[in-house]
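# coords please:
(one chain, ligands or ions: 2)
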Amino acid sequence: MFQDITPLLLDPKAFKDTVDLFVERYKGKNISIVAGIEARGFIFGPPIALAIGAKFVPLRKPKKLPGKVISQEYILEYGRDCLEMHVGGVEHGERALVVDDLIATGGTLCAAMDLLGRVGAEIVECACVIELPELKGRERLNGKPLYVLIECFECCDSQKMKEENE
Ligand SMILES: O=P(O)(O)OC[C@H]1O[C@H](OP(=O)(O)OP(=O)(O)O)[C@H](O)[C@@H]1O
Ligand SMILES: Nc1ncnc2[nH]cnc12
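Ligands and ions are numbered 1, 2, ... in the order given. Take a look at the predicted model:
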């Protein structure tokens, strides 16, 4: 039930087509920042950033980025996690796209948008390859637009997977 994007990466045409769909949507939209979420947002974010001529800003799990960072905690399906972003890479008023592989509950994308908002970036959209609509993550995005390529129904979230394996 885990929605694994690694088979997509083994098919160069499918991988390129995936990136190109995002590039077509975002080129010419005056986006200067693509923020990618560790870890799987680091796979799709950089090629999109390069193709649309934007900077790539990594949003990382705690204690991975050297230098001054701001942090944002968030709630996962169970437990908490945290994302960090370098201070200084984003200027007030810059237009940002947030990229990840998948939205489940939406907590991760919310934290990413909070970080960018705290330094004055304008969030244009969030972009993911896969959405798990049953987990209603889209509803947590405070009205910010979300663009996805695939809606995947009847998948388990990790809490359900854990329960089923017990
Ligand atoms: O919408 P949410 O409920 O917040 O879940 C979505 C997040 O979960 C996965 O990452 P994970 O936290 O498993 O980290 P990883 O990419 O480092 O494995 C996925 O890549 C998203 O970043
Ligand atoms: N079902 C799922 N598959 C892959 N990544 C996830 N992150 C949260 N739920 C997930």
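
# And the helices in this structure?
Here the chain has its helices, by DSSP state H, at 6-9, 12-26, 41-52, 107-118, 158-165.

# Switch those helices over to a markdown table; also include mean neighbour count.
Using the backbone N, CA and C atoms, a C-beta is placed for each residue, glycine as well. A markdown table is the format used below for the helices of the chain (neighbours: other CB atoms under 10 Å):
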| stretch | mean neighbour count |
| --- | --- |
| helix 6-9 | 12 |
| helix 12-26 | 15 |
| helix 41-52 | 20 |
| helix 107-118 | 21 |
| helix 158-165 | 12 |
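
# Lowest mean pLDDT among the helices and strands, pick that one out for the chain.
For the chain, using mean pLDDT, DSSP states H and E, the weakest element among its helices and strands is helix 158-165, scoring a mean of 58.

# Quickly note the distance from the most centrally placed residue in the chain to ligand 2.
Here the mean C-alpha position of the chain is nearest to the C-alpha of residue 100 (CA atoms, centre = their mean), at a distance of 2.7 Å. Noted for residue 100: a distance of 9 Å to ligand 2, by CB to the nearest ligand atom, to the nearest Å.

# do residue 59 as well
When distances are taken as CB to the nearest ligand atom, residue 59 and ligand 2 turn out to be 16 Å apart.

# how many other residues sit next to that residue?
Using other CB atoms under 10 Å, residue 59 has 26 neighbouring residues.

# Next: residue 95.
Summarising burial for residue 95: neighbours were counted as other CB under 10 Å, giving 16.

# swap in residue 140?
15.

# cool, the one 3 residues further on as well?
By other CB under 10 Å, the residues close to residue 143 number 5.

# Give me the pLDDT value at it.
Looking at residue 143, its pLDDT is 95.

# Select from the helices of the chain the stretch with the lowest mean pLDDT.
For these, the bottom mean pLDDT is recorded on helix 158-165, which sits at a mean of 58.

# what sits against the residue nearest to the centre of the chain?
Applying CB atoms under 8 Å, 6 or more residues apart in numbering, one finds that residue 100 lies in contact with 36-37, 40-41, 44, 108-109, 112, 126-128.

# Between those, which sits nearest residue 79?
When the contacts of residue 100 are compared for distance to residue 79, the smallest value, 12.6 Å, is given by residue 108; criterion: CB to CB.

# how much space is there between the residue nearest to the centre of the chain and residue 142?
Distance of residue 100 to residue 142, given as CB to CB, to the nearest Å: 17 Å.
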